[in-house]
Structure formats: structure tokens, C-alpha cells
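Chemist: Predicted model and sequence follow; I will ask about them next.
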Amino acid sequence: MRSSDLMTLLFDAGLPTAGYGFSRQTPAERDALLADLTGRPDAVVTRSPGISLVELEDEQTVYLVTEAGHFAHPSVLRRSVVLKEGRRTVETRGFTVAPGGVMSTWVDQFREQDALMGRR
């Protein structure tokens with residue numbers, strides 16, 4: 001599968017990070033978010049075991065949606081290219097219905113991945 005320009009920007013380009021975080025959601029809020037995302041005509045959805053990617057090129061955002069079997073399910077992680085002080089940066093935000101610290105662990109994995117890529 002060929003990676004989109006957006007995926008390259010968010011995961012491979014070495015852009016600096018603008019921060020990480022997550023918040024809790026109710027199951028109804030998560031369902032509404034998923035319905036909104038997958039209902040957009042410009043959404044490109046790629047499904048794989050444990051996770052689906054929803055790419056929104058116009059918003060320069062990718063949503064990673066956990067599926068049954070993923071350790072952080074049910075959760076959604078948003079990676080966006082944002083302008084901060086005139087520079088493009090990557091912002092990572094999560095939304096979870098999952099119990100305990102699983103979302104914190106998942107967000108930390110992205111933080112560690114970004115650090116390995118030399119992002120600050």
C-alpha cells in the first residue's frame with residue numbers, strides 16, 4: 001500500500017511535536033465521533049486487524065480508531081498537522097472509553113516513537 005502525503009507528514013517527515021494528551025469519552029460520544037468521521041465524503045478509511053485509519057486530507061488529520069483486539073480499545077487517537085508559531089507541527093490527542101491507564105500507555109508509545117525519530 002502506498003502511503004499518502006498526509007501519512008508521510010504525520011509519521012515520517014520529522015516535523016516537531018505540538019503536544020500529546022487524551023480525554024475520556026462516553027460510549028455515546030465515541031459512537032457520534034465515529035459516525036461523523038466515517039460519514040464524511042472526503043474520509044479515506046483503511047482497515048487492518050485491530051485498527052482503522054481515517055484520513056482527512058483537507059484537515060491534515062488522521063484518526064486511528066481501535067477495533068476489538070487492540071489493547072486500547074475502545075479508543076481513538078488523532079494526529080494532526082497544525083501551525084504553531086508559524087511552523088508546521090504534529091499534535092497528538094486521544095479520546096477513550098477504555099478503563100485505567102491504557103490510553104496513557106498508547107499516547108506514551110507515540111511520544112516514544114516520535115522521540116526515536118528525533119522529534120521535539
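Modeler: Right, received. Where do you want to start?
Chemist: by contact count, what packs against the biggest helix by length in the chain?
Modeler: Scanning the chain for the helix with the most residues, using DSSP state H, yields helix 102-116. If contacts are counted by 3 or more CB pairs under 8 Å, 6 or more residues apart in numbering; DSSP states H and E, helix 102-116 sits against strand 17-24, strand 75-84, strand 87-96. To be clear about C-beta, it is placed using only N, CA and C from the backbone, and glycine gets the same treatment.
Chemist: Report the inter-axis angle for the last one versus helix 102-116.
Modeler: When you say that, I think you mean strand 87-96. Counting by axes from the mean of the first three to the mean of the last three CA atoms, to 10 degrees, strand 87-96 lies at 160 degrees to helix 102-116.
Chemist: Work out the sheet partners of strand 87-96 and label each with its direction, please.
Modeler: With DSSP bridges as the test, strand 87-96 is paired with strand 17-24 (parallel), strand 75-84 (antiparallel).
Chemist: Number of residues surrounding the residue lying closest to Asp42 once chain neighbours are set aside?
Modeler: Sequence neighbours aside, Asp58 is the residue nearest to Asp42 in space, at 5.9 Å (criterion: CB to CB, 6 or more residues apart in numbering). The number of residues packed near Asp58 is 8, by other CB atoms under 10 Å.
Chemist: Same question for Glu85.
Modeler: For Glu85, the neighbour count with other CB under 10 Å is 6.
Chemist: what pLDDT does it get?
Modeler: pLDDT for Glu85: 87.
Chemist: Could you do Val54 as well?
Modeler: What the model reports for Val54 is a pLDDT of 94.
Chemist: Nearest residue to it in space, please, no chain neighbours.
Modeler: Distance criterion CB to CB, 6+ apart; nearest residue to Val54, sequence neighbours excluded, is Tyr63 at 4.2 Å.
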